[in-house]
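Peer 1: Predicted coordinates and the sequence they were generated for:
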Amino acid sequence: MGAQAWFYFVPYERDLTKSLETLRQREFKAGRYTPVERFPRFPADPQHQPGAQHASVDAARAAAGASGTRSILDMTRISAKPDFGAVTPLDADELLEAFGTTKPTRDVVEDSDDLFEEIERGQGICLVVYEDDAPAEIYFAGYSYD
């Protein structure tokens, strides 16, 4: 079986660690993770909320086993370098290469398929999305372990 891609847009917040944790808690409470759902759907539908079926994110991750939760729950931290279980912010050079700008808009990000080519299983990336030249959202994307 292959890894499953996951991705989310969340409102912009300067603190990436706080934004990551807020997103993890939101998706956990909504129950949009394996093993509640074998294959969570993306983009996540805010109306679809089967609800958490575990006592904590850590309990959900343990129940998911080696395949992981196939969601942002598998990412536990922000890291300057790619690593398993970590989200790495794209730097200016990577943004320029992927989008031709350091301030990509949501439309540009949604239209890009190239981002996933550089992400390894069990890892994630994030980047700031702009609207009218101002930070508007954060995009988190990655692959499940399996």
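Peer 2: Looks like it came in fine. Numbering: from 1, shown residues only.
Peer 1: which stretches of this protein form helices?
Peer 2: In the chain, the segments counted as helices under DSSP state H are 16-30, 57-64, 92-99, 106-110.
Peer 1: The residue sitting furthest away from the middle of the chain and residue 121, how far apart?
Peer 2: Here the chain reaches farthest from its C-alpha mean at residue 132, the gap being 23.6 Å by CA atoms, centre = their mean. Summarising the geometry, the distance separating residue 132 from residue 121, computed by CB to CB, to the nearest Å, is 36 Å. Bear in mind the C-beta positions are built from the backbone N, C-alpha and C, glycine included.
Peer 1: Around residue 19, how many other residues sit close by?
Peer 2: Close neighbours of residue 19, defined as other CB atoms under 10 Å, add up to 20.
Peer 1: these two touch, right, it and residue 25?
Peer 2: No. With contact defined as CB atoms under 8 Å, residue 19 does not reach residue 25; the gap is 11.1 Å.
Peer 1: quick one: the residue farthest from the centre of the chain and residue 99, what's the gap?
Peer 2: Relative to residue 99, residue 132 is positioned 17 Å away (criterion: CB to CB).
Peer 1: Residue 43 too?
Peer 2: The value you get for residue 43 to residue 99, if CB to CB is used, is 19 Å.
Peer 1: can you pull the buried residues of the longest strand seen in the chain?
Peer 2: Within the chain, and with DSSP state E defining each element, the longest strand by residue count is strand 134-143. Neighbour counts using 16 or more other CB atoms under 10 Å place 137-143 of strand 134-143 among the buried residues.
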